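let me see the structure of the following:
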Amino acid sequence: MWRKKTSQHRDPALFITLGKTSMRLFARRPTITALCRRLPVALLLGLCVLAHAQTPDRCQDWAARIISLEGAAQWRAPGTSQWQNAGAGFEFCVGDTLRIQDSRATLRLPNATVVRLQENTTLKFLPPQKSLWVELLEGIAHFITRTPQPFEVKAPYFNAAIKGTEFSVSARSDANTLALFEGQVQLSNAFGQLSLQAGESALARTNTAPQKAVSVKLRDTVAWALYFPPMPVPASAPETVRTAIAAGRLRSAEDALAELPPAQQSAELLALAAALSLYRGQVEASAGLLDRALQKDPQAPAALALKSLRQMVAGDTAAALRGAQATVAAAPDSPAAWLALSYVQQSLLQLDAAFASAQNAEQRAGDSGLLQARLAELALMLGEYKKADRFARRAAALSPNLSRTHTVAGFAALNRFALSTAQQSFRRAAQLDAADPLPALGLGLIAIREGRLRAGREHIEHAIAQDPGNAVLRSYLGKAYYEERRNELADEQYTLAQQLDPADPTPWFYQALRQQSDNRLIEALAALDTAVARNDNRAVYRSRLLLDNDNASRSANQARIYSALRFDQAAILQGARAVRQAPAEHSGHRLLAEVYADQPQLESLRAGATLMATLLAPPGAQPLPLGLRETGLLVVDGAGPTDLGVAEYNPLFIREGLNGRLSGLGGTQDTHAYEWNLNGLLGKGSFNAGQYRYQSDGFRANNDVKYELSNVLGQYQVTPDLGLQLELRRREEERGDIALQFDLDTFSDNLQVDTDTDTVRLGLNYRLSPGSRILASLTRKDTEIKTQRSFEPFPGLVIDQSSAFDTQTEQADLQYHLLADNSTWILGGRYADSEGELNPAGVAPSLVFDTTFESVYAYSFWPVLSDRLTLTAALSYTDYEQVVAGGLQGDVEQAEDKINPKLGLEWSVAPGWTLRGTALRTFAPSTDAQVSIEPGHVAGFAQVYDDSEGTAADVYGAAADYAPRHNLKLSLEYVERDLEVPNLGVNVDPFDIDNEILKASVYYALNDRVALALNYRHEVFDRQPQPEIRVPSIPLRLDTRLLPLTATVITSERTSFSFTANFVDQKIRIEEANRFTPGFNDDETFWTLDGSFNFRLPSRLGVVTLELRNLLDEEFRYRDFNFFTTNPRPQELLPERSAYLKVQLEF
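You can find the predicted model right below:
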């Protein structure tokens, strides 16, 4: 590698190597004279020189500090003419003058300003007046300043008053220029004033007022400061040149090349000289040398490779790719050509191709530390950790002073949570190449993870000063400002990143999360859509800097953006598509789990998505709400654990330490609830503990309910590839008769059900390779249900129907993911065994249940027609057996084994248009084993419903989705389910039920403040009557039309409100139970009006919400869909007016 050897901050630990004596000497900061008397002469000379250069007592308050230096710097004190050398870490005093020659330097000022200096630049630190002043005497300086205090820069022909901005100043003998990239600047001199906004520039000459000049582009203006990736030194280079490069003396190497006789200045050596000049920021000189090289040999591969790199760094990746491919085709034996192509392919996220190109370069170059380090870097990006380690060790052996080797080693250590090792690697890399921004970024990520947010942000600012045209670094700095709650600065960085790389989805994704935190939900949704469009219509969850796992962003609650606007169907489609495209990415499963929080009949699907997201999540990831893993909770809409525990704000960095949430709710019907959640992260391990309590008297007699949920989850990342989990859960439940019958007076006035459930789960996530993974989950659940109920058929005759039911369920899930060249496969199986005993009161015999369920499955996803058409083909085999012993009929055995084919199709017929279709068969296992990690969707259609145990279903679906722009989304979906529902424990034929569901949704955002959501649902249940058994509790026909229309209005960054008008039309037919209890046909049509008001507390402390249900106090009859299970479901509609106040706090 031929980058300049330099140094960053010296590590104080270096002094420890002097031994115990030196440690005592430094303990009390002795005087220089005392040290000179006490230390040996050899050590004395070094310490005295160091003390002279670094004496902290020279000035009380430092005016600037060198944080990186590429070569040498000189300084002189005020009133003196002697220039002295200064190194990295040197602190300047007020009045000092700094001179940079044949190098570049980066400074930090006391007001948190970072300054990048080009060579041949002279800067003076003026005495502070009303503001901090620096004077640019000559040269070019790039400033990044965020200080809220007055700050001014002086140049020969103007003064610049700064207001939180980024700008570049050039001081030449004939004119001064200032180019403004963000923020505001006020220019002035004796002849006039001028205000500049972002994207503008100004020019001032002697005896003239500042005047606006042409608009500026950041990359063009600071081209001298951009970072270029390293290229190999050609074998034809003279030994003196190679030696100078190895020693980091790039200017000397360039001078040596220039002194060669013209006949020896080949095109290859001229390209080398152009590269050396480019690395010192001499863009114009480099361009001239490159032109000379191409004039001498227009097909010189080294020159053409360098030209492609210049185009890539300038942002013209299309031209860079064309040029690099042409160079490789013309010179297939050139390592430089292949390496340049690898860099360009990486910039386009073509990582497999970039790795192959780097291998071609390595094969043609022989033993090259640079190319081994390049292979290690790409292997790490691809997740090939073992390969990356092997390449990195080889690079270190070949070139121990290669900066990129240590950088890759640092990110590898960071990914395995070895922070101390990573820090040492990044520091060493920065010492070897002060121009490389990645070591500074790595140090910033470490500091932030350790909880030192300000220090981490300063490191990232330093990285941007090293490469101001890097869009990914801009996104990371935006994240850091977001974490510091400096939202305007975050937005500026995201905007700059979008301008620097319009194809990168990362800044749009981060900006969406930022806008969500400021209640700008419609803008956030538009940014999310833009991110997806820039990612080949694939969901975005992380940064394009694949050296960093970006785990915090991958845990972000994107579903909150959709659910707050009631755009539920759009979120479901986005989540299902994300899971299909990347089934091993926990973010897609998380999105599904959160968006299904309030969807009827799909609680088992939501719980399965939660389990998958939990298994795949890394330690420290934002935890999901406690209740997402639970089914059968009767809570009012907005009061459940899926609502109270939701994260309103998304941290964009994972930090060690503790954080948590606290939520509470109170309202009518004596309803109150609370949830607390505490998370901790240290090294490779993390924990999450939480509790949820809910209590309500309900809207009628004996409609009371009380829940208490507790959960502890521990995670440990043994290696980057192996993660383990242990989860403990407890659920306590007390409730009356909470079923919602069509006739509200039909209920038991003495039913009481007490349930206690304890669950233990072990989880394993083992990544075999970047394209293959094994997931395992072992669960044991113990449930005790005590039911107290009696009825009096005749006066004086009371029949006790109480019972006790105990079950123990053991379940094992195993799944394998394989990402093949043209397909994705998910193979797995499930085994569940439930044993239960029902003990009725009185003389009725006890019943013993023994249920086993086994399944194996294979899912495959095949993109065809240039990814416009995706075929899902799957097959599962299920074996179900239940034996009920002890009944009046003797032992009753039911067994079913089924082969369940599944076929799905998704076709993007035109931009914005998607057609979907499916035909599949499902089988519902035992109630306690319905939650699994088997895929829950086929072509965007849900296949896991809350069906009764043993239900077989043939499902057919067709849908059309249309999203012509981000503010308009339409969807039409029809599903037909043919159900066979067994009568468990009874020797009668199963129920035959036809279930048809038609859903239509229209989402329209009028502007950034107002959004409308219409979610129409028409559902029909048709049950065929059976002569041998009558079941009036299950309707023969239930025809329900639901039409909620929601208007959401965002009034400010703190406040918003919404109103939902619910139209309900329901027809029901009940068969007669006996001649004394006739059946009936009836219908009910009604409207309800709901409202919600949200207020966001300052500093992201939390949210206060007022929920209003059934504002008009409409009384109605309504039958829910809870037919085949005693488990309750959330209450969507309440037949009386209700109000709830909810407070959510985050810390």
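
for the rest of this, base every contact and every neighbour count on C-alpha atoms.
Fine.

okay, stretch 517-532 in CSV with CA atoms only?
Extracted C-alpha coordinates of stretch 517-532, given in CSV (Å, rounded to 0.1, in the frame of the first residue of the first chain):
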residue,chain,number,x,y,z
SER,A,517,-40.1,11.0,15.8
ASP,A,518,-41.2,14.5,14.9
ASN,A,519,-44.8,13.4,14.1
ARG,A,520,-44.2,14.1,10.4
LEU,A,521,-45.8,10.7,9.6
ILE,A,522,-46.9,11.4,6.0
GLU,A,523,-43.5,12.8,5.1
ALA,A,524,-42.0,9.7,6.8
LEU,A,525,-44.1,7.4,4.7
ALA,A,526,-43.0,9.2,1.5
ALA,A,527,-39.3,8.8,2.5
LEU,A,528,-39.8,5.1,3.2
ASP,A,529,-41.3,4.6,-0.2
THR,A,530,-38.5,6.5,-1.8
ALA,A,531,-35.9,4.3,0.1
VAL,A,532,-37.7,1.2,-1.2
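
quick one: distance of it to the chain centre.
A distance of 14 Å separates the centroid of the chain from that of stretch 517-532, by CA atoms, centre = their mean, to the nearest Å.

quick one: average pLDDT of that stretch?
Mean pLDDT, stretch 517-532: 87.

what's the answer for stretch 1092-1103, then?
Here the average pLDDT along stretch 1092-1103 is 89.

distance between the ends of that stretch?
End-to-end distance of stretch 1092-1103: 12 Å, with CA to CA, to the nearest Å as the criterion.

show me what counts as buried in it.
In terms of neighbour count (16 or more other CA atoms under 10 Å), stretch 1092-1103 has its buried residues at 1092-1096, 1100, 1102-1103.

ok, and what's touching that stretch?
485, 517, 519, 648-649, 1053-1059, 1104-1108, 1143-1147 (CA atoms under 8 Å, 6 or more residues apart in numbering).

hmm, try it at 7 Å
485, 1054-1059, 1104-1108, 1143-1147 (CA atoms under 7 Å, 6 or more residues apart in numbering).

buried ones from those, can you make that a PyMOL selection?
This is how PyMOL selects the buried members of those, with burial counted by 16+ other CA under 10 Å:
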select buried, resi 1054+1055+1056+1057+1058+1059+1104+1105+1106+1107+1108+1143+1144+1145+1146
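
mind listing which of the contacts of stretch 1092-1103 are in strands?
When strands are assigned by DSSP state E, the members of the contacts of stretch 1092-1103 inside them are 1055-1059, 1104-1108, 1143-1146.

Arg729: what's it in contact with?
Applying CA under 7 Å, 6+ apart to Arg729 gives the contacts 710-712, 758-760.

Gln325: which of those residues is nearest?
Each of the contacts of Arg729 was checked against Gln325 using CA to CA; the closest is Val712, at 54.2 Å.

what would the ones in strands among the contacts of stretch 1092-1103 look like in TSV with distance to Arg146?
What follows is the ones in strands among the contacts of stretch 1092-1103, written out as TSV (distance: CA to CA, whole Å):
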residue	distance to Arg146
Thr1055	29
Ser1056	31
Phe1057	35
Ser1058	38
Phe1059	41
Val1104	32
Thr1105	35
Leu1106	38
Glu1107	40
Leu1108	44
Val1143	34
Gln1144	32
Leu1145	29
Glu1146	27
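
farthest pair within those?
Pairwise over those, using CA to CA, the maximum falls at Phe1059 and Glu1146, 26.5 Å.

quick one: distance of stretch 246-266 to the chain centre.
What separates the centre of stretch 246-266 from the centre of its chain is 47 Å, taken as CA atoms, centre = their mean.

just give the nearest non-adjacent residue to Glu973, would you?
Nearest in space to Glu973, with sequence neighbours left out and distances taken as CA to CA, 6 or more residues apart in numbering, is Ala959 at 4.2 Å.
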